[in-house]
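please work out how this folds:
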Amino acid sequence: FSVAGLKLTEVRIPKYVVKDSPAQLECLYDLDGEALYSVKWYKDGNEFYRYVPRDMPPAQPFLLPGVIVDLHNSSDATVTLRNVNLQSTGRFRCEVSGEAPSFQTVTEHGDMIVVFLPDQGSPKISGGRPRYQVGDYVKVNCTSGRSKPAVELSWQVNGEPADKQKLRKYNTIVEGRDGLETSVLGLQFRVEQRHFRNGDMKLKCIAELSSLYWRSNEESVEGDRPQKAPALESRETAYASNSRADPVQAGSTAPPSSTPPAPLLLLVVSLAVVGAVATLAQGIAQDIDVFKIPMDRTATGGMAKGDPEARELLAGREEEKRSARPGKSEAQLGKITLSAR
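Prediction:
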């Protein structure tokens, strides 16, 4: 804005300033032959700095919440603010007035925002899985740290900006005495084969605030590919080869043999032999009893060897043996009788 003679050439007010840092405000003017009466600065309509060349000292600050003037680094064209805070945010206006008799006045303003950078570093990605298959749905959220104002969030898939249709915007979360803000941006889409590059899919969230802040976080997820059939068969074959069965016989489709196992057959034969030996031993023992009868009788003095009574007794016992052992042959019985005699 300008009038004849006096004019403002430029007003420089930084748009963003990081909290606790200094801010420099500039008001450049051209008197065009006029004498300078004053330069005044206002924040949201309240004067906080005045420069009058005729006054001593010419620079004078005024108390205002959120505004601390650094007089050592301030002049008619520049005002420096120290340690700005969130209350320093507002509209700043410069007003330049000429000397009498015209007292021409020109003014210009600009907005300054004090930035509280995110207090938790890079943005956080949540809801993701380590692996995805084609057809699965990706549903992830990106959350920034608390800041003032809220940061701008964006998504990239494999280095390319995500389609706006896949973004899910949520309301900004405001908390605390200073009204710090948390931004949340969701990303949802169905996985396709084109999303995998060399078997991986990269999801990247970017948080930025003008030129003062830029952070990103990236997650790389793998494609969960199904196993190929040959590989599966190979593992099964390896497992079978570790068993006690012959791999060739294991793969055969012929029915199992009906021949009893060798250990069982050997057991049956052994039992048969033992049974036969026991029967033979029993017969021999009974034969020995036949011999003992006359000998016992002789030993006790009851009958002599050639006694008819003894022969008759032996003949009766022989008859009993024949009826008790039908399996004995006549030749065997004859041998027994002959021996007894």
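
any idea what E218 is bridged to?
K204 (DSSP bridges).

now it: how far from I125?
8 Å (CB to CB, to the nearest Å). Any C-beta I mention is one placed from the backbone N, CA and C, and that applies to glycine too.

got a list of what P61 touches?
When contacts are counted by CB atoms under 8 Å, 6 or more residues apart in numbering, P61 is found next to F48, Y49, V69, L71.

selection in ChimeraX covering whichever of the residues you listed are buried, please.
Written as a ChimeraX command, the selection of buried residues from the contacts of P61, which uses 16 or more other CB atoms under 10 Å, is:
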select :48,49,69
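
quick check, L86 in contact with K19.
Yes: between L86 and K19 there is a contact at 6.6 Å, judged by CB atoms under 8 Å.

who touches both of those two?
V114, F116, K148.

of the residues you listed, grab the buried ones for PyMOL.
The following PyMOL command selects only the buried members of the shared contacts of L86 and K19, with burial defined by 16+ other CB under 10 Å:
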select buried, resi 114+116+148
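
I'd like to know which of the shared contacts of L86 and K19 are part of strands.
Secondary-structure check on those using DSSP state E: residues within strands are V114.

pLDDT for the shared contacts of L86 and K19 - can I get that in CSV?
Putting those into CSV (pLDDT from 0 to 100) gives the following:
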residue, pLDDT
V114, 94
F116, 93
K148, 91
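
out of the shared contacts of L86 and K19, the closest to I173 would be?
Using CB to CB, the shortest approach to I173 within those belongs to K148, at 12.3 Å.

what residues are bridge-paired with the closest one?
Applying DSSP bridges to K148 gives these bridge partners: F116.

now F103. Nearest residue, chain neighbours left out?
Nearest non-adjacent residue to F103, counting by CB to CB, 6 or more residues apart in numbering: S97, 5.9 Å away.

can I take it that the one you found is in a strand?
Yes: residue state for S97 (DSSP: H, G, I helix; E, B strand; the rest coil) corresponds to a strand.

count of neighbours near it?
By the other CB atoms under 10 Å criterion, the neighbourhood of S97 contains 18 residues.

pLDDT value on it, please?
Turning to S97, the model gives it a pLDDT of 94.

dump the residue contacts of it.
Under the criterion of CB under 8 Å, 6+ apart, the contact list for S97 reads L36, Y37, S38, V39, K40, F103, Q104, T105.

JSON lines please, covering these and showing pLDDT, secondary structure and neighbour count.
As requested, those are arranged in JSON lines below (pLDDT from 0 to 100; DSSP: H, G, I helix; E, B strand; the rest coil; neighbours: other CB atoms under 10 Å):
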{"residue": "L36", "pLDDT": "92", "secondary structure": "strand", "neighbour count": "17"}
{"residue": "Y37", "pLDDT": "93", "secondary structure": "strand", "neighbour count": "18"}
{"residue": "S38", "pLDDT": "95", "secondary structure": "strand", "neighbour count": "19"}
{"residue": "V39", "pLDDT": "97", "secondary structure": "strand", "neighbour count": "23"}
{"residue": "K40", "pLDDT": "97", "secondary structure": "strand", "neighbour count": "19"}
{"residue": "F103", "pLDDT": "82", "secondary structure": "coil", "neighbour count": "12"}
{"residue": "Q104", "pLDDT": "89", "secondary structure": "coil", "neighbour count": "18"}
{"residue": "T105", "pLDDT": "92", "secondary structure": "strand", "neighbour count": "15"}
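
can you list the residues you listed in TSV and add distance to L81?
As requested, those are exported to TSV (distance: CB to CB, whole Å):
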residue	distance to L81
L36	22
Y37	24
S38	19
V39	15
K40	15
F103	28
Q104	28
T105	23
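
can you report how many residues neighbour R129?
By the measure other CB under 10 Å, the count of residues near R129 is 13.

thought it was touching V221?
Yes: under the criterion of CB under 8 Å, R129 is in contact with V221, at a separation of 6.7 Å.

okay, now the unreliable bits of the stretch 151-300 of the chain?
224-270, 272-300 (pLDDT under 70).

all strands for the stretch 101-250 of the chain, in order.
Using DSSP state E, counting those that start in this stretch, the strands of the stretch 101-250 of the chain run over residues 105-115, 124-126, 131-132, 137-143, 152-157, 160-161, 167-169, 173-175, 180-182, 184-190, 200-209, 213-223.

buried ones in the fifth one, by neighbour count?
When burial is assessed from 16+ other CB under 10 Å, strand 152-157 yields the following buried residues: L153, S154, W155, Q156, V157.

in the sheet, who's paired with the last one?
Assessed by DSSP bridges, V157 has beta-bridge partners E160, L203.

and what of the first one?
The partner list for L153 in beta bridges (DSSP bridges) reads A207.

buried residues, stretch 89-100. List them.
Using 16+ other CB under 10 Å as the burial criterion, the residues of stretch 89-100 that qualify are T89, G90, F92, R93, C94, E95, V96, S97, G98, E99.

quick one: contacts for the third one?
Which is F92. When the contact criterion is CB under 8 Å, 6+ apart, the partners of F92 are I13, L25, W41, Y42, K43, H109, G110, D111, M112.
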